[in-house]
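**Student:** Here is the input, now give the coordinates:
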Amino acid sequence: SISDAEILISKGKTGVLAGFVSKSKRKFSAMLKLDEASTGNVTFEFEDRKN
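**Tutor:** Here you go, the predicted structure:
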């Protein structure tokens with residue numbers, strides 16, 4: 001959403017977002033992280049799993 005994009009740009013990372021789908025069709029949640037502000041690369045950042 002627009003508010004998530006604003007947070008990503010201003011803080012460099014979003015909160016946990018749901019609804020992503022992997023190549024193997026599995027749903028997952030992750031945070032988006034702005035890796036390099038100069039290039040605009042965005043990566044997934046995952047929370048630690050609780051075993």
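**Student:** Spatially nearest residue to the residue positioned nearest the centre of the chain (excluding sequence neighbours)?
**Tutor:** Centroid-nearest residue in the chain: Leu32, 1.7 Å away (criterion: Cα atoms, centre = their mean). Setting aside the residues directly before and after it, Leu32 is nearest to Thr14 in space (Cβ to Cβ, 6 or more residues apart in numbering), at 4.6 Å. Backbone N, C-alpha and C define where each C-beta goes, glycine included.
**Student:** correct me, but that neighbour touches Ser3?
**Tutor:** No. Counting by Cβ atoms under 8 Å, Thr14 does not reach Ser3; the two are 9.4 Å apart.
**Student:** quick one: which of the two has more around it?
**Tutor:** Comparing Thr14 with Ser3 by neighbour count (other Cβ atoms under 10 Å), the higher total belongs to Thr14, at 21 against 8.
**Student:** could you list every residue that touches that one?
**Tutor:** Listed by Cβ atoms under 8 Å, 6 or more residues apart in numbering, the contact partners of Thr14 are 4, 7-8, 31-33.
**Student:** at 10 Å what do you get?
**Tutor:** Applying Cβ atoms under 10 Å, 6 or more residues apart in numbering, we find Thr14 in contact with 1, 3-8, 30-34, 42, 45.
**Student:** swap in Leu8?
**Tutor:** Neighbours of Leu8 in contact, by Cβ under 10 Å, 6+ apart: 14, 17, 31-34, 42.
**Student:** Let me have those residues in JSON lines, extended by pLDDT, distance to Lys50 and secondary structure.
**Tutor:** Output for the contacts of Leu8, formatted as JSON lines (pLDDT from 0 to 100; distance: Cβ to Cβ, whole Å; DSSP: H, G, I helix; E, B strand; the rest coil):
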{"residue": "Thr14", "pLDDT": "95", "distance to Lys50": "21", "secondary structure": "coil"}
{"residue": "Leu17", "pLDDT": "94", "distance to Lys50": "19", "secondary structure": "strand"}
{"residue": "Met31", "pLDDT": "95", "distance to Lys50": "16", "secondary structure": "strand"}
{"residue": "Leu32", "pLDDT": "94", "distance to Lys50": "21", "secondary structure": "strand"}
{"residue": "Lys33", "pLDDT": "93", "distance to Lys50": "21", "secondary structure": "strand"}
{"residue": "Leu34", "pLDDT": "89", "distance to Lys50": "26", "secondary structure": "strand"}
{"residue": "Val42", "pLDDT": "91", "distance to Lys50": "26", "secondary structure": "strand"}
